[in-house]
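Participant: Requesting a structural model of the entry that follows:
(one chain, ligands or ions: 1)
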Amino acid sequence: MSRVALVTGGTRGIGAAISKALKAAGYTVAANYAGNDEAARSFTEATGIPTWKWDVSDYEASKAGIAAIEADLGPVDIVVANAGITRDAPFHKMTPGQWKEVVDTNLNGVFNTVHPVWAGMRERRFGRVVVISSINGQKGQFGQVNYAATKAGDLGIVKSLAQEGARNGITANAICPGYIATEMVMAMPEKARESIAAQIPTGRLGEPEEIARCVTFLVAEDSAFINGSTITANGGQFFV
Ligand code: NDP
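Facilitator: Below you'll find the predicted structure:
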(Lines give C-alpha, C1' and ligand atoms only; values in the text may rest on other atoms or scores of the structure.)
Protein backbone atom coordinates (compact mmCIF):
# COMPACT_ATOMS: atom_id res chain seq x y z
CA MET A 1 0.00 0.00 0.00
CA SER A 2 1.29 3.43 -0.86
CA ARG A 3 2.14 5.91 1.87
CA VAL A 4 -0.29 8.74 2.57
CA ALA A 5 0.97 12.29 2.03
CA LEU A 6 -0.80 15.40 3.30
CA VAL A 7 -0.09 18.70 1.53
CA THR A 8 -1.48 21.80 3.23
CA GLY A 9 -2.48 24.50 0.78
CA GLY A 10 -2.25 21.68 -1.73
CA THR A 11 -4.87 22.87 -4.21
CA ARG A 12 -3.23 25.95 -5.73
CA GLY A 13 0.19 27.30 -6.66
CA ILE A 14 3.25 25.49 -5.37
CA GLY A 15 1.12 23.19 -3.20
CA ALA A 16 -0.88 21.97 -6.19
CA ALA A 17 2.35 21.14 -8.04
CA ILE A 18 3.56 19.25 -4.94
CA SER A 19 0.30 17.30 -4.66
CA LYS A 20 0.48 16.29 -8.33
CA ALA A 21 4.17 15.34 -8.16
CA LEU A 22 3.59 13.16 -5.08
CA LYS A 23 0.67 11.44 -6.77
CA ALA A 24 2.79 10.85 -9.88
CA ALA A 25 5.48 9.37 -7.61
CA GLY A 26 2.96 6.82 -6.34
CA TYR A 27 1.83 8.29 -3.01
CA THR A 28 -1.78 8.55 -1.87
CA VAL A 29 -2.25 12.31 -1.60
CA ALA A 30 -4.62 14.39 0.51
CA ALA A 31 -4.71 18.10 -0.26
CA ASN A 32 -5.87 20.65 2.29
CA TYR A 33 -7.09 24.17 1.51
CA ALA A 34 -8.56 27.12 3.39
CA GLY A 35 -11.65 28.46 1.66
CA ASN A 36 -11.46 28.63 -2.13
CA ASP A 37 -13.95 25.83 -2.85
CA GLU A 38 -14.03 26.56 -6.59
CA ALA A 39 -10.25 26.14 -6.95
CA ALA A 40 -10.39 22.96 -4.85
CA ARG A 41 -13.20 21.52 -6.97
CA SER A 42 -11.40 22.11 -10.25
CA PHE A 43 -8.16 20.79 -8.74
CA THR A 44 -9.88 17.50 -7.79
CA GLU A 45 -11.59 17.28 -11.19
CA ALA A 46 -8.26 17.71 -12.96
CA THR A 47 -6.14 15.48 -10.75
CA GLY A 48 -8.42 13.03 -8.95
CA ILE A 49 -6.79 14.10 -5.66
CA PRO A 50 -9.29 14.49 -2.80
CA THR A 51 -9.33 17.68 -0.73
CA TRP A 52 -10.10 18.57 2.89
CA LYS A 53 -10.95 22.09 4.00
CA TRP A 54 -9.67 23.57 7.22
CA ASP A 55 -7.71 26.57 8.40
CA VAL A 56 -4.18 25.53 9.41
CA SER A 57 -4.05 28.33 11.97
CA ASP A 58 -6.69 26.46 14.01
CA TYR A 59 -5.20 23.54 15.99
CA GLU A 60 -8.49 21.75 16.72
CA ALA A 61 -9.60 22.09 13.08
CA SER A 62 -6.24 20.70 11.92
CA LYS A 63 -6.50 17.77 14.31
CA ALA A 64 -10.03 16.98 13.15
CA GLY A 65 -9.11 17.35 9.47
CA ILE A 66 -6.13 15.03 9.81
CA ALA A 67 -8.23 12.49 11.75
CA ALA A 68 -10.76 12.53 8.88
CA ILE A 69 -8.00 11.95 6.32
CA GLU A 70 -6.54 9.08 8.36
CA ALA A 71 -9.99 7.49 8.70
CA ASP A 72 -10.44 7.62 4.90
CA LEU A 73 -6.93 6.95 3.60
CA GLY A 74 -4.85 5.53 6.45
CA PRO A 75 -2.05 6.96 8.60
CA VAL A 76 -0.29 10.07 7.32
CA ASP A 77 3.41 9.26 6.89
CA ILE A 78 4.37 12.35 4.91
CA VAL A 79 3.45 15.92 5.73
CA VAL A 80 4.21 18.92 3.54
CA ALA A 81 3.48 22.12 5.46
CA ASN A 82 3.06 24.44 2.49
CA ALA A 83 0.10 26.69 3.30
CA GLY A 84 1.29 30.25 3.72
CA ILE A 85 0.15 33.83 3.33
CA THR A 86 1.59 37.32 3.08
CA ARG A 87 0.24 40.50 4.66
CA ASP A 88 2.93 42.96 3.62
CA ALA A 89 3.52 46.44 4.99
CA PRO A 90 6.56 48.44 6.06
CA PHE A 91 7.09 47.84 9.75
CA HIS A 92 5.99 51.33 10.82
CA LYS A 93 2.64 50.70 9.12
CA MET A 94 2.26 47.02 9.99
CA THR A 95 -0.77 46.38 12.18
CA PRO A 96 -0.85 43.86 15.03
CA GLY A 97 -3.55 42.11 12.97
CA GLN A 98 -1.19 41.70 9.98
CA TRP A 99 1.52 40.39 12.29
CA LYS A 100 -0.79 37.92 14.00
CA GLU A 101 -2.47 36.59 10.87
CA VAL A 102 0.86 35.71 9.28
CA VAL A 103 2.28 34.17 12.46
CA ASP A 104 -0.92 32.17 13.00
CA THR A 105 -0.85 30.73 9.47
CA ASN A 106 2.83 30.38 8.56
CA LEU A 107 4.32 29.48 11.95
CA ASN A 108 1.54 28.17 14.20
CA GLY A 109 0.15 26.46 11.09
CA VAL A 110 3.27 24.30 10.89
CA PHE A 111 2.92 23.25 14.53
CA ASN A 112 -0.79 22.58 13.99
CA THR A 113 -0.06 20.41 10.93
CA VAL A 114 2.86 18.39 12.23
CA HIS A 115 1.88 17.92 15.88
CA PRO A 116 -1.24 15.79 15.22
CA VAL A 117 0.74 13.31 13.06
CA TRP A 118 3.94 13.23 15.12
CA ALA A 119 2.95 10.56 17.66
CA GLY A 120 1.83 8.20 14.87
CA MET A 121 5.07 8.73 12.96
CA ARG A 122 7.05 7.93 16.10
CA GLU A 123 5.06 4.76 16.73
CA ARG A 124 5.41 3.56 13.13
CA ARG A 125 9.06 4.64 13.16
CA PHE A 126 8.72 6.43 9.85
CA GLY A 127 7.92 9.98 8.88
CA ARG A 128 8.79 12.71 6.42
CA VAL A 129 8.15 16.34 7.28
CA VAL A 130 8.82 19.04 4.69
CA VAL A 131 8.17 22.70 5.43
CA ILE A 132 7.98 25.27 2.64
CA SER A 133 9.88 28.27 3.96
CA SER A 134 11.13 31.11 1.72
CA ILE A 135 14.20 32.95 0.49
CA ASN A 136 12.85 35.87 2.51
CA GLY A 137 13.14 33.83 5.70
CA GLN A 138 16.85 33.50 4.93
CA LYS A 139 17.65 37.08 3.94
CA GLY A 140 14.78 39.22 5.28
CA GLN A 141 12.71 41.47 3.04
CA PHE A 142 11.55 45.07 3.13
CA GLY A 143 7.84 45.11 4.00
CA GLN A 144 7.84 41.53 5.25
CA VAL A 145 8.96 41.64 8.88
CA ASN A 146 6.04 39.35 9.74
CA TYR A 147 6.52 36.94 6.82
CA ALA A 148 10.32 36.77 7.12
CA ALA A 149 10.05 36.09 10.86
CA THR A 150 7.72 33.14 10.29
CA LYS A 151 9.76 31.70 7.46
CA ALA A 152 12.97 31.93 9.52
CA GLY A 153 11.03 30.32 12.37
CA ASP A 154 10.08 27.46 10.06
CA LEU A 155 13.80 26.68 9.67
CA GLY A 156 14.17 26.49 13.45
CA ILE A 157 11.23 24.11 13.57
CA VAL A 158 12.71 21.62 11.11
CA LYS A 159 16.19 21.73 12.62
CA SER A 160 14.72 20.88 16.02
CA LEU A 161 12.27 18.28 14.71
CA ALA A 162 15.15 16.64 12.85
CA GLN A 163 16.94 16.07 16.14
CA GLU A 164 13.83 14.83 17.93
CA GLY A 165 12.61 12.54 15.15
CA ALA A 166 15.84 11.01 13.89
CA ARG A 167 15.90 7.98 16.16
CA ASN A 168 12.36 7.10 15.15
CA GLY A 169 12.98 7.19 11.41
CA ILE A 170 11.49 10.65 10.94
CA THR A 171 13.20 13.35 8.88
CA ALA A 172 12.29 17.03 8.80
CA ASN A 173 13.61 19.35 6.13
CA ALA A 174 12.82 22.74 4.65
CA ILE A 175 12.73 24.18 1.17
CA CYS A 176 13.36 27.88 0.59
CA PRO A 177 11.92 28.83 -2.78
CA GLY A 178 12.88 32.06 -4.46
CA TYR A 179 10.31 33.80 -6.64
CA ILE A 180 8.03 31.22 -8.21
CA ALA A 181 5.57 31.83 -11.03
CA THR A 182 2.37 31.19 -9.09
CA GLU A 183 -0.92 33.03 -9.66
CA MET A 184 0.05 35.53 -6.97
CA VAL A 185 3.32 36.45 -8.65
CA MET A 186 1.92 36.27 -12.19
CA ALA A 187 -0.82 38.73 -11.16
CA MET A 188 1.85 41.39 -10.55
CA PRO A 189 2.36 44.00 -13.29
CA GLU A 190 4.70 42.71 -16.00
CA LYS A 191 7.25 45.46 -15.21
CA ALA A 192 7.43 44.34 -11.56
CA ARG A 193 7.91 40.73 -12.64
CA GLU A 194 10.64 41.76 -15.06
CA SER A 195 12.48 43.65 -12.33
CA ILE A 196 12.26 40.59 -10.05
CA ALA A 197 13.53 38.31 -12.82
CA ALA A 198 16.43 40.72 -13.42
CA GLN A 199 17.65 40.08 -9.85
CA ILE A 200 17.73 36.31 -10.44
CA PRO A 201 20.95 35.06 -12.06
CA THR A 202 18.98 32.37 -13.90
CA GLY A 203 17.04 35.24 -15.52
CA ARG A 204 13.57 33.89 -14.86
CA LEU A 205 11.12 33.02 -12.12
CA GLY A 206 11.04 29.47 -10.82
CA GLU A 207 8.27 27.03 -11.73
CA PRO A 208 6.11 25.37 -9.05
CA GLU A 209 7.21 21.99 -10.42
CA GLU A 210 10.83 22.85 -9.57
CA ILE A 211 9.84 23.12 -5.89
CA ALA A 212 7.73 19.96 -6.12
CA ARG A 213 10.80 18.14 -7.41
CA CYS A 214 12.66 19.04 -4.17
CA VAL A 215 9.76 17.60 -2.15
CA THR A 216 9.66 14.25 -3.94
CA PHE A 217 13.42 14.00 -3.39
CA LEU A 218 13.19 14.73 0.34
CA VAL A 219 10.29 12.38 1.12
CA ALA A 220 11.75 9.33 -0.65
CA GLU A 221 12.52 6.26 1.47
CA ASP A 222 16.20 6.49 0.50
CA SER A 223 16.50 10.15 1.59
CA ALA A 224 16.63 8.97 5.20
CA PHE A 225 20.03 10.54 5.94
CA ILE A 226 18.95 14.01 4.78
CA ASN A 227 17.62 15.52 7.97
CA GLY A 228 17.38 19.08 9.26
CA SER A 229 18.55 20.49 5.95
CA THR A 230 17.37 23.42 3.89
CA ILE A 231 17.22 23.21 0.12
CA THR A 232 17.43 26.64 -1.48
CA ALA A 233 15.77 26.77 -4.90
CA ASN A 234 16.06 30.36 -6.02
CA GLY A 235 17.89 30.48 -9.35
CA GLY A 236 21.09 31.63 -7.66
CA GLN A 237 19.53 34.78 -6.16
CA PHE A 238 20.85 34.28 -2.64
CA PHE A 239 23.35 32.00 -0.92
CA VAL A 240 23.28 31.21 2.78
P1 NDP B 1 -0.89 30.41 -3.16
O2 NDP B 1 -1.45 31.66 -2.58
O3 NDP B 1 -0.82 30.27 -4.65
O4 NDP B 1 -1.69 29.13 -2.58
C5 NDP B 1 -1.90 29.06 -1.24
C6 NDP B 1 -2.55 27.74 -0.88
O7 NDP B 1 -2.53 27.69 0.56
C8 NDP B 1 -3.99 27.64 -1.29
O9 NDP B 1 -4.31 26.27 -1.53
C10 NDP B 1 -4.74 28.16 -0.07
O11 NDP B 1 -6.08 27.69 0.04
C12 NDP B 1 -3.86 27.60 1.03
N13 NDP B 1 -3.98 28.32 2.29
C14 NDP B 1 -3.72 29.62 2.54
N15 NDP B 1 -3.97 29.90 3.84
C16 NDP B 1 -4.39 28.74 4.40
C17 NDP B 1 -4.82 28.37 5.70
N18 NDP B 1 -4.87 29.26 6.70
N19 NDP B 1 -5.21 27.09 5.91
C20 NDP B 1 -5.17 26.17 4.92
N21 NDP B 1 -4.77 26.46 3.68
C22 NDP B 1 -4.39 27.73 3.41
O23 NDP B 1 0.55 30.26 -2.49
P24 NDP B 1 1.96 29.88 -3.15
O25 NDP B 1 1.83 28.62 -3.91
O26 NDP B 1 2.52 31.08 -3.79
O27 NDP B 1 2.84 29.61 -1.81
C28 NDP B 1 2.90 28.34 -1.20
C29 NDP B 1 3.97 28.37 -0.11
O30 NDP B 1 5.23 28.70 -0.70
C31 NDP B 1 3.71 29.42 0.96
O32 NDP B 1 4.10 28.93 2.21
C33 NDP B 1 4.61 30.58 0.53
O34 NDP B 1 4.97 31.38 1.63
C35 NDP B 1 5.80 29.82 -0.03
N36 NDP B 1 6.60 30.59 -0.97
C37 NDP B 1 6.06 31.07 -2.15
C38 NDP B 1 6.85 31.77 -3.03
C39 NDP B 1 6.31 32.27 -4.35
O40 NDP B 1 7.06 32.94 -5.07
N41 NDP B 1 5.07 31.97 -4.72
C42 NDP B 1 8.26 32.06 -2.74
C43 NDP B 1 8.72 31.49 -1.50
C44 NDP B 1 7.91 30.80 -0.66
P45 NDP B 1 -7.29 28.46 -0.70
O46 NDP B 1 -7.16 28.11 -2.15
O47 NDP B 1 -8.51 27.89 -0.08
O48 NDP B 1 -7.09 29.91 -0.45
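
Participant: All the helices of this structure, residue numbers only.
Facilitator: 13-24, 37-47, 59-73, 96-102, 108-124, 135-139, 145-165, 183-186, 190-198, 208-219 (DSSP state H).

Participant: rank those helices by mean pLDDT and give me the bottom one.
Facilitator: Least confident of the helices of the chain, judged by mean pLDDT, is helix 183-186 with a mean of 81.

Participant: Spatially, which residue comes closest to residue 210, not counting chain neighbours?
Facilitator: residue 233 (6.0 Å; Cβ to Cβ, 6 or more residues apart in numbering). C-beta: built from backbone N, CA, C; applies to glycine.

Participant: Show me what the longest strand seen in the chain is packed against.
Facilitator: For the chain, the longest strand by residue count, based on DSSP state E, is strand 170-177. Helices and strands touching strand 170-177, by 3 or more Cβ pairs under 8 Å, 6 or more residues apart in numbering; DSSP states H and E, are helix 108-124, strand 127-132, helix 135-139, helix 145-165, helix 208-219, strand 230-233.

Participant: related to what we said a few turns ago, isn't the residue nearest to residue 210 up against residue 179?
Facilitator: No - look at residue 233 against residue 179 with Cβ atoms under 8 Å: they stay out of range, at 10.6 Å.

Participant: Those two: who's more crowded?
Facilitator: Higher neighbour count among residue 233 and residue 179: residue 179, with 21 against 15, using other Cβ atoms under 10 Å.

Participant: okay, the residue nearest in space to the middle of the chain: pLDDT?
Facilitator: Geometric centre of the chain, nearest residue: residue 82, 1.7 Å, by Cα atoms, centre = their mean. Looking at residue 82, its pLDDT stands at 98.

Participant: now swap in the one 3 residues further on and tell me
Facilitator: The model reports residue 85 with a pLDDT of 95.

Participant: The helices and strands packed on strand 170-177: which one's closest to residue 60?
Facilitator: Among these, helix 108-124 comes nearest to residue 60, with 8.9 Å by Cβ to Cβ.

Participant: quick one: contacts of the closest one?
Facilitator: 6, 8, 56-59, 62-63, 66-67, 70, 75-77, 79, 81, 83-84, 127, 129, 131, 154, 157, 161, 165, 168-170, 172 (Cβ atoms under 8 Å, 6 or more residues apart in numbering).

Participant: Same question for that helix: list its buried residues.
Facilitator: Neighbour-count burial for helix 108-124 flags 108, 109, 110, 111, 112, 113, 114, 116, 117, 118, 121, 122 (criterion: 16 or more other Cβ atoms under 10 Å).
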